[in-house]
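Q: how does the following fold in three dimensions:
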Amino acid sequence: MDIGKNQLPLVSIIIVNFNGKRFLGDLFSSLLNLEYPKNKIEIIMVDNLSSDDSVYFVQAHFPMVKIIHNDENNYTRALNLGIQSSKGNFIGFLNNDMVVDKRWLIELINIITSDRRIGCVGGKILFTNGFINSTGIMALENYYFEDRGFNEKDEGQYEKVEEVEGISGGSILYARECLEDIGLVDEDFVMYFEDVDMAYRCKKNKWKIVYVPKSVVYHYFHGTSILSEGRKGDQIQKPNILTYFFCNRNRLIYLAKHLPFELPKSIWTSHFYLNKQYNFLLDVMPIVIKKLIQHNSSDVTNKVLPEVFNQLNDIFDSSQLQNLLTKIEIVLGLKKIRVGLYDHAMHLIGGGQKYGCKIASIIQNDFDVTLIANRKIAHQDFDQWYSLDLNSCHIKIIDLPFFHNRPIDPAMVNQETGNPFDVISQESERYDIFINNSMVEKVKPRSPISLFICHFPDKPKGDFFHAHEYSLVITNSQYTAEWLRKLWDMDSDLILYPPIDMSGEKIEKQNIILSVSRFEPGGSKKQLEMVKTFKKMCDHFDYIKKEWRFVLIGGSMGVNNPYLTKVQEELYGYDYPILIKINVTLEELKRFYAKAKIFWHACGFNETRPHWIEHFGMATVEAMQNFCVPVVFNGGGQREIVDHEINGFLWNDLEELEGYTLRLVNNEELLNQLKIKAYEKSKKFDVRVFEERVLKIFNIIKKEYLRDALSVNIERFIQLEQKIKK
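A: Numbers count the residues shown, from 1 in each chain. Alright, predicted model coming up:
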């Protein structure tokens, strides 16, 4: 008999959503059509970083839904966030690809309120074709589980209200008192098997679990889930590695937590072992053993652990077991995660090298970082060159005999020479995370997690190409990412702009046009063209020659630089207000940035070779950080920095360079407007933004590493780009 409407309790219904926009309209419409008072229902959607505008859709069409934003794509964590914010006496979980029958909720409430020892109830889950998805969970041999009635035609064979071993988490209602007794959902499961774990805890604490056949929901099978296998963990539809991985991983976690003495022999019945996927088995053991230690007495642990390692000893060699022990120590917090950062040009000062060293400086306190170089380098060099204290990092020098007495140039390596970088590949195996900051695509990664930082793909694929084998590929700009796709047929997983920190003292601006770039022997920075343009402006406009100065600052290696000489010769015998300064100190550079009003940059002009066009434009951002208006060539990464006529100008030829500069010179109001906008845009590339993004990246990696879920990359670290954007 139904409870009177006035006595009906408040129910909180939690829906976890990830990119389920196409299903949410049907789901929420059906919930609003329930035979249950609307004022007695609280609907909570926890969104797991969706990218399909799910949140905006729900806000627009179902404003009564309370929305919570999860900061990671973890289903179990999302459930807990929903529980913790809920107000109901009873708390329901629903998959986001369900449609509920009108009496779905009232039938559950009628049963769960009939006996105070009923902890949770669930109804009949049908596929949209009328076949059964689940009428409860039942145990199989060797501690596998399956949905009762799965894929059977519904012919009335499950029409009895009865106690069952468990209820599918896709549609379940808990008494709050039960959840307060057994605790929240175990977030180590991430996804799958958490309902089996909850059922065990309910039974252990004497709560009844009851199936209610008149409570019906319809399920769009695998609508937004990545599920493609049954609870047994074997494949019943097209293979999906994520589900397969988590189902089998979580079975071992479940046994370690609740049935520790069954764990050793269950290794042999694991699908990882039976399918000879020993790498998966090795990767999940640290979290399994952590669970064993956390949830059992030392006496139990001391008996079970030797048996576990006896089993593993028959599968893995001694080095693999040693790595496993090390990883267990990391998972237990006894050691830090080991990171190796390689750069074949680390011994040379450069923007790419600073990029990698800055990453090391950010993570060195939380990780055990080793800097891997091929030439002599010392901690004081990093301090002197980049003002970075890397004393917490180790330095390891690995000799490459092939490059004795000549520069380390990967382009010299081919099938005939062999691969001298194999020794770096071997070294990468010593680390949990290996970062290739060197652009040497010939280094094959052998660490569990690997990052390839692509500053620019200078040449097409060649011999010993391994860049595509890294876990994550990070690029320094959209321009680099575009050419990565064109030249190497690879996608960038993340754009991480270089760290820029050149804000100087705020002093009175002077009539200075500044250019900052190296005097490359090949002239790729186009200083000569800029000098000729400024001379032309001086010849045509007397006030430019009298009132403005053009200052070129740049580095030059060695005493002989024919291009620098050529630029200097352009000034011989003339009295132009042009100053060329070579290899200035950092402080002097900052002073010129602070004094200058306009910044010129011409790299990429008249170039067709993509690697000779500015990949990003660090100097441009440095100028903008100092309220200097950029007037730069319209190409490469400059387009990502400068918004034309908003915070600077993008020019296509030297006439436009002159014209845009004159607009600024002759319009002080425009100059002041653009310098403020330039400064505001520069904040996007500030060093603090870089630091925040690097910390987020490595926090994600660390979290997933400690869950031992990275063997399958977890959809490239579970939508890493979305997380960083958040």
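
Q: what backbone torsions are found at the residue of the chain positioned farthest from its centre?
A: Note on the chain: the largest C-alpha distance from the chain mean falls to Gly573, namely 57.0 Å (Cα atoms, centre = their mean). Dihedral pair for Gly573: phi 80, psi 0, per degrees, to the nearest 10.

Q: find me the pLDDT at it, would you?
A: We have a pLDDT of 77 for Gly573.

Q: contacts only, for Val65.
A: Val65 makes contact with Phe28, Ile43, Ile44, Met45, Val58, according to Cβ atoms under 8 Å, 6 or more residues apart in numbering. For every residue, glycine as well, the C-beta is placed using N, CA and C.

Q: wait, the last one touches His69, no?
A: What that stands for is Val58. No - at 12.0 Å, Val58 and His69 do not qualify as touching, with contact defined as Cβ atoms under 8 Å.

Q: and these two? Which one has more around it.
A: More crowded of Val58 and His69, by other Cβ atoms under 10 Å: Val58, with 26 against 14.

Q: and that one, what does it touch?
A: Applying Cβ under 8 Å, 6+ apart, we find Val58 in contact with Leu24, Phe28, Met45, Val65, Ile67.

Q: could I get the residues you listed as TSV with distance to Met138, pLDDT and secondary structure?
A: Listed next are these as TSV, based on distance: Cβ to Cβ, whole Å; pLDDT from 0 to 100; DSSP: H, G, I helix; E, B strand; the rest coil:
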residue	distance to Met138	pLDDT	secondary structure
Leu24	31	97	helix
Phe28	31	97	helix
Met45	30	98	strand
Val65	34	97	coil
Ile67	35	97	strand
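
Q: shaky segments in this protein?
A: Confidence mapping of the chain against pLDDT under 70 gives the ranges 1-6, 221-239, 558-559, 707-726.

Q: and it, what are its domains?
A: Segmentation of the chain into domains, based on automatic domain parsing, reads 5-219, 241-331, 338-495, 512-685.

Q: of all these, which lies closest to Leu706?
A: Closest to Leu706 of these is domain 241-331 (Cβ to Cβ; 5.5 Å).

Q: would you mind measuring the gap between the ends of the closest one?
A: Domain 241-331 stretches 24 Å from its first residue to its last (Cα to Cα, to the nearest Å).

Q: sheet partners, orientation included, of the longest strand along the chain?
A: The longest strand of the chain (DSSP state E) is strand 208-219. Sheet pairing of strand 208-219 (DSSP bridges) gives strand 98-100 (antiparallel), strand 118-127 (parallel), strand 162-163 (antiparallel).

Q: which one, of those strands, ends up nearest to Ile91?
A: Distance to Ile91, taken as Cβ to Cβ, is lowest for strand 118-127 among the strands paired with strand 208-219, at 9.4 Å.

Q: following the closest one, which helix or strand shows up next?
A: strand 132-134 (DSSP states H and E).

Q: could you identify the helix or strand that succeeds the longest strand of the chain?
A: Note on strand 208-219: by DSSP H and E, the next helix or strand toward the C-terminus is helix 241-258.

Q: same for that next one, what does it pack against?
A: With contacts defined as 3 or more Cβ pairs under 8 Å, 6 or more residues apart in numbering; DSSP states H and E, helix 241-258 has these neighbours: helix 194-204, helix 263-268, helix 271-274, helix 278-295.

Q: make CSV out of those helices and add mean neighbour count and distance to Pro448.
A: CSV is the format used below for the helices and strands packed on helix 241-258 (neighbours: other Cβ atoms under 10 Å; distance: least, Cβ to Cβ, whole Å):
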stretch, mean neighbour count, distance to Pro448
helix 194-204, 21, 25
helix 263-268, 19, 20
helix 271-274, 18, 16
helix 278-295, 21, 7
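
Q: can you add distance to Ser319 and give these back as TSV?
A: As requested, these are exported to TSV (distance: least, Cβ to Cβ, whole Å):
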stretch	distance to Ser319
helix 194-204	34
helix 263-268	19
helix 271-274	19
helix 278-295	11
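
Q: these: which one's closest to Lys257?
A: Closest to Lys257 of the helices and strands packed on helix 241-258 is helix 278-295 (Cβ to Cβ; 4.6 Å).

Q: pull the distance from the closest one to the chain's centre.
A: Centre-to-centre, helix 278-295 and its host chain are 24 Å apart (Cα atoms, centre = their mean, to the nearest Å).

Q: with stretch 291-298 instead?
A: Here stretch 291-298 shows a centroid-to-chain-centroid distance of 31 Å under the convention Cα atoms, centre = their mean.

Q: contacts for that stretch?
A: So stretch 291-298 is in contact with Asp188, Ile253, Ala256, Lys257, His258, Pro260, Leu263, Thr301, Val304, Leu305, Val308, Leu332, going by Cβ under 8 Å, 6+ apart.

Q: quickly check those residues for the two that are furthest apart.
A: Longest span within the contacts of stretch 291-298, Cβ to Cβ: His258 and Leu332, 19.9 Å.

Q: who's more crowded, the two?
A: His258 (18 against 14).

Q: now do the contacts for that one.
A: Applying Cβ under 8 Å, 6+ apart to His258 gives the contacts Asp197, Tyr200, His295.
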